[in-house]
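K.L.:
sequence? don't have it. structure:
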Ligand code: SF4
């Protein structure tokens, strides 16, 4: 349990709760310019591939999953996944973000075969399997986290997404995602991944009924891991999309709270280099404003997004729109790779 009585923690909490919106935004903006002095906002062209929606974790905020034996449950075939990758490549895509439910019917060999199949037939950067999935594999197949990750890496895994982090405070996870990797375990998976040489992103989904102090604790815990490993490339936060979930009664988070939360994240987690704006959940206009509240990256031009859209949020945009939004906000749009290195513009 993190010590919430330190002057640093109290100061961050005070800033989050009491500073005016623009004051907080200005502090985040200063941090952003210190880390990224160039007038550039990056983005990536990738595709979410949710290989299965069958899941036994029963997270209360999830409208995407189906219980085993449900008629709408699916597992994508390797060929379907291959087709999706080729469609992505035709648009200039450089990575797939592949995540799925905790499906008890898939053997470990399937995941390894899938990675090998992709690398052999449709080579692309594979950003896949959030810490919750890795933890599920370890439990299901009687392996250590280290063993799971080494095998996935040997088969072709390139980096890990920060999905399933939600709020990294156990009391909150016990309420909304009891069966999934706990807060300590989630961070442990990340730390092991970093030590094995995998880069990862890290997320925070808020609006689950947690307090401001819980959100600050999440940020402090992320910062502590980063101080030890340096393995997080980017931080992304977004509010719960409660429609069609068991948490519908909590309602939607307003844009101001989103901007304040991203801004305090930029200030506190100043050792993670990049912050992605979440226009998928907040819409393009707030996405633009977020670029002056700490974000230096516009995230992904996603061809497919099933988890958030299952809960009713369906923001989409085309590549020219995305570039125009970035330019209208006063920045030069630049296409990047997964590791944030820039791609030639003409490519
Ligand atoms: S969020 Fe992921 S782990 Fe939780 S129920 Fe949905 S698919 Fe399963």
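P.N.:
Cool, the structure landed. Nothing here was measured: the structure is a model prediction, and the numbers come from that model.
K.L.:
what about the helices in the stretch 201-347 of the chain?
P.N.:
Under the criterion DSSP state H, counting those that start in this stretch, helices of the stretch 201-347 of the chain are mapped to 212-229, 255-268, 279-282, 284-290, 307-310, 319-328.
K.L.:
starting at the chain centroid, how far to the first one?
P.N.:
The one in question is helix 212-229. Between the centre of helix 212-229 and the centre of its chain there are 15 Å (Cα atoms, centre = their mean, to the nearest Å).
K.L.:
And the helices of the stretch 201-347 of the chain: which comes nearest residue 94?
P.N.:
Shortest separation from residue 94 across these is recorded for helix 319-328, at 13.1 Å, computed as Cβ to Cβ. Glycine gets a C-beta too; all of them are placed from N, C-alpha and C.
K.L.:
what is the mean pLDDT for that closest one?
P.N.:
Summarised as a single mean, pLDDT over helix 319-328 is 92.
K.L.:
what does the stretch 101-250 of the chain have sitting close to the ligand?
P.N.:
The stretch 101-250 of the chain comes close to the ligand at residues 101-102, 132, 180, as judged by Cβ under 6 Å from any ligand atom.
K.L.:
quick one: least confident helix or strand in the chain?
P.N.:
Within the chain, confidence by mean pLDDT, DSSP states H and E is lowest for helix 307-310 among all helices and strands, at a mean of 53.
K.L.:
Determine which of the helices of the stretch 201-347 of the chain shows the lowest mean per-residue pLDDT.
P.N.:
For the helices of the stretch 201-347 of the chain, the weakest mean pLDDT is recorded on helix 307-310, namely a mean of 53.
K.L.:
tell me, how many neighbours does residue 190 end up with?
P.N.:
27 (other Cβ atoms under 10 Å).
K.L.:
Output the contacting helices and strands for the helix or strand harbouring it.
P.N.:
Using DSSP states H and E, residue 190 sits in helix 183-195. For helix 183-195, the packing partners by 3 or more Cβ pairs under 8 Å, 6 or more residues apart in numbering; DSSP states H and E come out as helix 131-141, helix 145-155, helix 170-176, strand 199-206, helix 212-229.
K.L.:
Reformat these as TSV; add mean neighbour count.
P.N.:
Shown next, in TSV, are the helices and strands packed on helix 183-195 (neighbours: other Cβ atoms under 10 Å):
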stretch	mean neighbour count
helix 131-141	22
helix 145-155	18
helix 170-176	17
strand 199-206	23
helix 212-229	20
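K.L.:
Show me the one of the ones you listed that comes nearest residue 59.
P.N.:
Smallest distance to residue 59 across those (Cβ to Cβ): 6.4 Å, for helix 170-176.
K.L.:
Need the distance between the two termini of stretch 201-221.
P.N.:
Stretch 201-221 has an end-to-end distance of 14 Å (criterion: Cα to Cα, to the nearest Å).
K.L.:
And the helices in the stretch 1-150 of the chain?
P.N.:
For the stretch 1-150 of the chain, the helices defined by DSSP H, counting those that start in this stretch occupy 7-18, 21-35, 78-90, 108-121, 131-141, 145-155.
K.L.:
Go through the ones you listed and pick out the most buried.
P.N.:
Mean neighbours per residue, mean count of other Cβ atoms under 10 Å, is largest over these for helix 131-141, with a mean of 22.
K.L.:
Would you list the phi and psi of the residue in the stretch 151-300 of the chain that the ligand sits nearest to?
P.N.:
Nearest residue of the stretch 151-300 of the chain to the ligand: residue 180, at 5.5 Å (Cβ to the nearest ligand atom). Phi and psi for residue 180, reported as degrees, to the nearest 10, are phi -100, psi 170.
K.L.:
Please list the outside residues in contact with stretch 15-24.
P.N.:
Stretch 15-24 has contacts (Cβ atoms under 8 Å, 6 or more residues apart in numbering) with 27, 212, 215-216, 256, 259-261, 263-264, 267, 293.
K.L.:
Can you give me the first-to-last residue distance of it?
P.N.:
This stretch, stretch 15-24, spans 7 Å end to end (Cα to Cα).
K.L.:
now do stretch 12-25
P.N.:
End-to-end distance of stretch 12-25 (Cα to Cα): 14 Å.
K.L.:
now for the helices of the stretch 201-347 of the chain, which one comes closest to residue 136?
P.N.:
Of all those, helix 307-310 comes closest under Cβ to Cβ, at 16.2 Å.
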